[in-house]
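> coordinates only, sequence not included:
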């Protein structure tokens, strides 16, 4: 007997509308294989919840909806179904009842899989349905499916994997689809996301393969899988990212999309060949727009108010400066969200598009197709925008177009790689931008760095050193400051949990405009600017006094001379 279509059930239950289902089906038809499921597309579009999907699937399967929190599974039954099968089929043995085993699943199971399952448990199986995230959490709790556990299982597995040189492409594809390898890569990714990692590094060496997470800007090494699985692991990642597993000697770039509960994570995948195999980096981009809040980023109230005042201007250029990985783009997104209204036409050009903002036209750079920052910016101007965001000013051509756009009535945001706010002016002059253009268009420069937040669960209070008064150019010492300790519960033994920004905001005035016109050097600009801004060092000191970060962390990111003993 054929089942009622899921889309019709969702509409009948009142969870979605017919147009929403049609739009999702159109998205599915145009997606590249393997195509996403209808429910996943609707959840990704924020029009359906996991619990609603579970209810619709239960209706389709003529099964019950199961609340795993209220009625957790019987741990004695985990031996009935292997962990790899539970992970690959998203299925959990729940309870033994009169003459059958109740199993909870996230969706329909093929008749052949159900027959296989009943053969394994040697009893009839009755299915129930639960939201996928709840189910996967219970599977992990029940089986203890962790990176360490899976790697330990791989290490003790049979030695029937050949050396890299002997593996054919067909064998690689087959190995990469093995449930154990699939689950291992899935668990590595989900564990990295749960650990707040920004990147996953898979690094091949002569006798080993290393897995590292970058957490709070610092690489942390994970338990290494056996070297013999290197090619299979890399191939699995490449398959997920839509890359060519047959090409192992040319760099490749791809993308993976992951949905975890209500959070969507886009993963940028980059591979490069090394002498011992392909090195892979997965950059995790959390698409949660709630992260884009200036207060959550660590900006104090006075700086927020002054920065917001800049954002509300109708024209001019505003720059955010700092080294790579200092959170510049995130700050720009936060500024865009703060001033966005439907009455304003906002266009961005970025490399890559890190957050998708509803109502904002976002253009990804495609250098291989001739779409650079400069060429894209020229086209943007023909779109009649009110506000333009340029991901980065890298050359004179882009700088000239951005600045001239600001002079013709547009508000322009962009980033520069400089050490501090005053250095932005010198960088533009070094690019060859005319001083009068800079003086006429530049409204303000925000310099920033990222410091790690102290773990509140294990930080330790210490007495401040009087030498810090001169070291940090401050006039007061608090009763105590905090230093990192490290605990396993909250911070993986690092003493830090999360990051926050330290900022300095330079707004322009007539005196600074005059210095720019006369092409004064950075030291002179800094001298005048100090009277108009709190420096990053001073902002960092305030965060030390508040117990948010440590002296050692501030010294590291600002690169001042370290006092003895730090």
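Cool, got the structure. Remember, predicted model here, so these are calculated numbers, not experimental data.
> which parts of the stretch 351-500 of the chain are helices?
373-381, 396-407, 423-431, 435-441, 468-471 (DSSP state H, counting those that start in this stretch).
> and if you look at the stretch 101-250 of the chain?
111-121, 132-143, 147-155, 169-176, 179-194, 230-240.
> on that earlier part again, lowest-confidence stretch among the helices of the stretch 351-500 of the chain?
Lowest mean pLDDT within the helices of the stretch 351-500 of the chain: helix 468-471, a mean of 85.
> before we move on, back to that, most tightly surrounded among the helices of the stretch 101-250 of the chain?
A comparison of the helices of the stretch 101-250 of the chain by mean neighbour count, using mean count of other Cβ atoms under 10 Å, puts helix 230-240 on top with a mean of 24. The C-beta positions use only the backbone N, C-alpha and C, and glycine is treated the same way.
> show me what it is packed against.
helix 169-176, helix 179-194, strand 197-204, strand 252-260, strand 263-274, strand 277-286 (3 or more Cβ pairs under 8 Å, 6 or more residues apart in numbering; DSSP states H and E).
> residue 53 is nearest to which of those?
Comparing the helices and strands packed on helix 230-240 by their distance to residue 53 (Cβ to Cβ), the top pick is strand 252-260, with 11.5 Å.
> from the chain's centroid, how far away is that closest one?
11 Å (Cα atoms, centre = their mean, to the nearest Å).
> format the helices of the stretch 101-250 of the chain as CSV; extra columns: distance to residue 92 and mean pLDDT.
Listed next are the helices of the stretch 101-250 of the chain as CSV, based on distance: least, Cβ to Cβ, whole Å; pLDDT from 0 to 100:
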stretch, distance to residue 92, mean pLDDT
helix 111-121, 12, 81
helix 132-143, 6, 84
helix 147-155, 17, 59
helix 169-176, 25, 62
helix 179-194, 14, 78
helix 230-240, 24, 90
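> residue 88: which of the ones you listed is closest?
Short answer: helix 179-194, nearest of the helices of the stretch 101-250 of the chain by Cβ to Cβ, at 4.1 Å.
> tilt between the closest one and strand 263-274?
110 degrees (axes from the mean of the first three to the mean of the last three Cα atoms, to 10 degrees).
> quick check: residue 454 touching residue 495?
Yes: with contacts counted by Cβ atoms under 8 Å, residue 454 reaches residue 495, the gap being 6.8 Å.
> now stretch 384-392: average pLDDT?
93.
> do stretch 88-95 as well
The model assigns stretch 88-95 a mean pLDDT of 85.
> which residues does that stretch contact?
Applying Cβ atoms under 8 Å, 6 or more residues apart in numbering, the contact partners of stretch 88-95 are 66, 68, 71, 73-74, 77-78, 80-81, 85-86, 101-107, 109, 113, 117, 121, 128, 130, 132, 135-136, 138-139, 142, 179, 182-183.
> hang on, the earlier thing: can you lay out the helices of the stretch 351-500 of the chain as TSV showing distance to residue 199 and mean neighbour count?
Below are these laid out as TSV (distance: least, Cβ to Cβ, whole Å; neighbours: other Cβ atoms under 10 Å):
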stretch	distance to residue 199	mean neighbour count
helix 373-381	24	19
helix 396-407	27	20
helix 423-431	27	20
helix 435-441	35	18
helix 468-471	33	14
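> surely residue 504 is in contact with residue 530?
No: counting by Cβ under 8 Å, residue 504 stays clear of residue 530, with 9.7 Å between them.
> ok, the two, which is more surrounded?
The neighbour count for residue 504 versus residue 530, taken as other Cβ atoms under 10 Å, is higher for residue 504 (24 against 15).
> host element of that one?
For residue 504, the element it lies in under DSSP states H and E is strand 496-507.
> just list what that strand packs against, helices and strands only.
So strand 496-507, by 3+ Cβ pairs under 8 Å, 6+ apart, packs with helix 301-311, strand 442-454, helix 536-545, helix 551-558.
> next one: residue 202 from residue 228, what distance?
Per Cβ to Cβ, to the nearest Å, residue 202 is found 15 Å from residue 228.
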